[in-house]
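A.B. asks: Prediction below, plus the sequence it came from.
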Amino acid sequence: MPANPLALFWEGFELESYEPLGTDGLLIRLAPNASLPPRCHRCGQSSSLIHDVSNRRVRERDLFHYRIWLDVPVRRLRCSRCGPSRECISWLAGRQPLTRAMVDWAESLVRLMPIKHVADLLGLHWHTVKRIDQGRLAREVSAPDLSQVRRLIMDEFALYKGHRYATVAICADTQQVLWIGEGRSRAAVRPFFEWLGPLVCRQIEAVAMDMNTAMDLEVQAHCPKARVVYDLFHVIAKFGREVIDRVRVDQANRLRGDRLGCRLIKRSRWLLLRNRENLTPEQIPRLDDLLAANAPLMTVYVLKAQLKELWYAPDEPEAQRRWREWYRLVHESGLEPLMRFANRLKEYVEGIVASARHRLNTSVLEGMNNRIKVIKRMAYGYRDTTYFFLKIRAAFPGKVR
């Protein structure tokens, strides 16, 4: 046991006095330990020449139900190397009115709880806890190794209500978040490729995304060797909204005189949009009866399943053949919403065919987006996007290859 037990907590100082501070606080006054000469915080050299002394009140970790405050006399030294310089006090957190123990405690709690809860628990201001956590994240989030990046996945997620979005890019192989930026326009994603630099851009082989023309054009402009791969999930979801829903509504309107038939078709949306393997045993007979009774719905349902097969082709020539066959069947159907969708999709067929060579999709990012929503909901939203983006990068550090 050291002669001064307080040296275990506040090195270089000893207890001078203490007194209650309000109903739940305790103020401890410290005095410098005369047997230990102060050291310069710049060079670490000891000096007995004191330039001046200022008193600082700092917050220490709680003791039971007491809030602990310290009055600390901080000396400024006349260092022979550095001139007037503040003494080194290892247990203070820089210029913050907190001890390092208090900062460490706040950092450990904010990993588990929202900032608001930590601030209430510790009796600190919300911005103080946020600043502590942001400093921790900036210290812990490491820069990615761009030399290993060959394949990318890019997608967008909602920042706030009102159609405000951010774009996120990850390494497809390590699943590490590389970059996040506000917006989803071409100008918004350009800083990502500028940050990668020409050398890294030249080594990119494939980029998976939804049918976002802005991202597509930027990839073509910056990554000369990269193939754009369009994601199955987004194309099929678009098919459901623009084709299945439209045909379903048209068929329901055609049967307005048949109230029972019209109601059956109107209530069939999720039967038609879900994959057959995801239906319950009770839903499968209902779907079969619906498709048997309505030829247009049967046509779009079968062509939806056939469209998916493009992404599972063994090679690009086979994917091209499947596309031509699907496109022919679409135009033979005579269904206007279906043909309109196919004609628009024709502009993106190169990115669909590329999936036969580069087995990429954005499903990993869709799962990440759900985690991002949880991070945002836990904090009741973020006002500082820089801090929010740091939280996301910390949540997805990537896998070791």
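C.D. replies: Yes, it's here. Residues are numbered from 1 along each chain as shown.
A.B. asks: got the contact list for the helix or strand encompassing S108?
C.D. replies: Counting by DSSP states H and E, the element that carries S108 is helix 100-110. Counting by CB atoms under 8 Å, 6 or more residues apart in numbering, helix 100-110 makes contact with 9, 59-61, 90-93, 96, 98, 118, 121-122, 124, 129, 132-133, 136, all of which sit outside it. In this view, the C-beta of every residue, glycine as well, is placed from N, C-alpha and C.
A.B. asks: low-confidence ranges in the stretch 1-150 of the chain?
C.D. replies: Along the stretch 1-150 of the chain, segments meeting pLDDT under 70 span 1-8.
A.B. asks: Equivalent analysis for the stretch 151-300 of the chain, please.
C.D. replies: Applying pLDDT under 70 to the stretch 151-300 of the chain flags the ranges 162-163.
A.B. asks: how about the strands in it?
C.D. replies: Along the stretch 151-300 of the chain, counting by DSSP state E, counting those that start in this stretch, strands occupy 151-160, 164-171, 177-182, 206-209, 227-230.
A.B. asks: Tabulate the CA atom coordinates of the helix holding S108 in CSV.
C.D. replies: Presented in CSV, the C-alpha positions along helix 100-110 are these (Å, rounded to 0.1, in the frame of the first residue of the first chain):
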residue,chain,number,x,y,z
ARG,A,100,-9.9,10.1,-17.6
ALA,A,101,-11.8,7.6,-15.4
MET,A,102,-15.0,9.5,-16.0
VAL,A,103,-14.4,9.7,-19.8
ASP,A,104,-13.6,5.9,-19.9
TRP,A,105,-16.8,5.2,-18.0
ALA,A,106,-18.9,7.3,-20.3
GLU,A,107,-17.3,5.6,-23.3
SER,A,108,-18.1,2.2,-22.0
LEU,A,109,-21.7,3.1,-21.3
VAL,A,110,-22.4,4.8,-24.6
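A.B. asks: okay, the strands of the stretch 151-300 of the chain in JSON lines with distance to L77 next?
C.D. replies: Written out in JSON lines, the entries for those read as follows (distance: least, CB to CB, whole Å):
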{"stretch": "strand 151-160", "distance to L77": "49"}
{"stretch": "strand 164-171", "distance to L77": "48"}
{"stretch": "strand 177-182", "distance to L77": "44"}
{"stretch": "strand 206-209", "distance to L77": "57"}
{"stretch": "strand 227-230", "distance to L77": "62"}
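A.B. asks: neighbouring strands for the helix or strand where R29 lies, and are they parallel or not?
C.D. replies: Assigned by DSSP H and E, R29 belongs to strand 25-32. According to DSSP bridges, strand 25-32 forms sheet pairs with strand 13-21 (antiparallel), strand 66-79 (parallel).
A.B. asks: which of those sits most buried?
C.D. replies: strand 66-79 (a mean of 19; mean count of other CB atoms under 10 Å).
A.B. asks: Export only the CA atoms of that one, formatted as PDB.
C.D. replies: Extracted C-alpha coordinates of strand 66-79, given in PDB (Å, rounded to 0.1, in the frame of the first residue of the first chain):
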ATOM      1  CA  TYR A  66     -22.700  10.700  -4.800                       C
ATOM      2  CA  ARG A  67     -21.600  12.900  -7.700                       C
ATOM      3  CA  ILE A  68     -17.900  13.500  -7.100                       C
ATOM      4  CA  TRP A  69     -16.200  16.800  -8.000                       C
ATOM      5  CA  LEU A  70     -12.500  17.600  -7.600                       C
ATOM      6  CA  ASP A  71     -10.900  21.000  -7.100                       C
ATOM      7  CA  VAL A  72      -7.400  20.600  -8.700                       C
ATOM      8  CA  PRO A  73      -4.700  23.200  -8.500                       C
ATOM      9  CA  VAL A  74      -3.000  23.100 -11.900                       C
ATOM     10  CA  ARG A  75       0.400  24.600 -12.000                       C
ATOM     11  CA  ARG A  76       2.100  26.300 -15.000                       C
ATOM     12  CA  LEU A  77       5.900  25.600 -15.000                       C
ATOM     13  CA  ARG A  78       8.900  27.500 -16.200                       C
ATOM     14  CA  CYS A  79      10.300  24.600 -18.200                       C
END
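A.B. asks: what's in contact with it?
C.D. replies: Applying CB under 8 Å, 6+ apart, the set of residues contacting strand 66-79 from outside is 10, 13, 21, 24-32, 38, 40, 42-43, 45, 47, 49-62, 84-87, 89, 92, 99, 123.
A.B. asks: again with stretch 145-158
C.D. replies: Where contact means CB under 8 Å, 6+ apart, the residues beyond stretch 145-158 that reach it are 164-174, 178, 184, 189, 196-197, 200, 203-210, 212, 215, 226, 358, 360-362, 364-366, 369, 372-373, 401.
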